[in-house]
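Undergrad: The following block contains a protein sequence and its predicted model.
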Amino acid sequence: MLEKNILIRIRKDIEKCVGKKVKLRANKGRKRTVVRDGILEAAYPNLFVVRICNEYDSSRKVSYTYTDVLTGTVEVTVYSETQEKVKIS
């Protein structure tokens, strides 16, 4: 029951940040960690979508579940209007 409440809180925190710039740190396994900047595009009941743009003007979308945030596989840091970072966990 406690874990379900935590997932609901994480989902609500991410839903409030839709449209904002975020920094993702994703653990891909075997000591591989990917750090990307993007825009939080959408939040659905079971997952959220981030649009990542790179220096070559190509963009792609990645999706993660709220459980990924809970387990620490993905760390989401939201940039505020003053470019300070607010970590969601």
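TA: Yep, it's here.
Undergrad: in the longest helix along the chain, what's buried?
TA: Across the chain, the helix with the greatest residue count (assigned by DSSP state H) is helix 2-16. Counting neighbours by 16 or more other Cβ atoms under 10 Å, one finds that the buried residues in helix 2-16 are 7, 10-11, 13-14. Where C-beta positions appear, they are placed from N, C-alpha and C, glycine not excepted.
Undergrad: Return the member of those residues nearest to Asn27.
TA: Ile10 (16.8 Å; Cβ to Cβ).
Undergrad: any idea how far Gly19 is from that closest one?
TA: From Ile10 across to Gly19, the span is 18 Å (Cβ to Cβ, to the nearest Å).
Undergrad: other SSEs contacting the longest helix of the chain?
TA: Taking 3 or more Cβ pairs under 8 Å, 6 or more residues apart in numbering; DSSP states H and E as contact, the helices and strands that helix 2-16 lies on are strand 32-43, helix 66-71, strand 85-88.
Undergrad: Val50 is nearest to which of those?
TA: With Cβ to Cβ, the closest approach to Val50 among the helices and strands packed on helix 2-16 belongs to strand 32-43: 4.4 Å.
Undergrad: Could you look up the next helix or strand downstream of the closest one?
TA: The element immediately downstream of strand 32-43 (helix or strand, assigned by DSSP states H and E) is strand 47-53.
Undergrad: Quick check: which ranges of this protein have low pLDDT?
TA: Low-confidence segments of the chain (pLDDT under 70): 1-2, 57, 82-87, 89.
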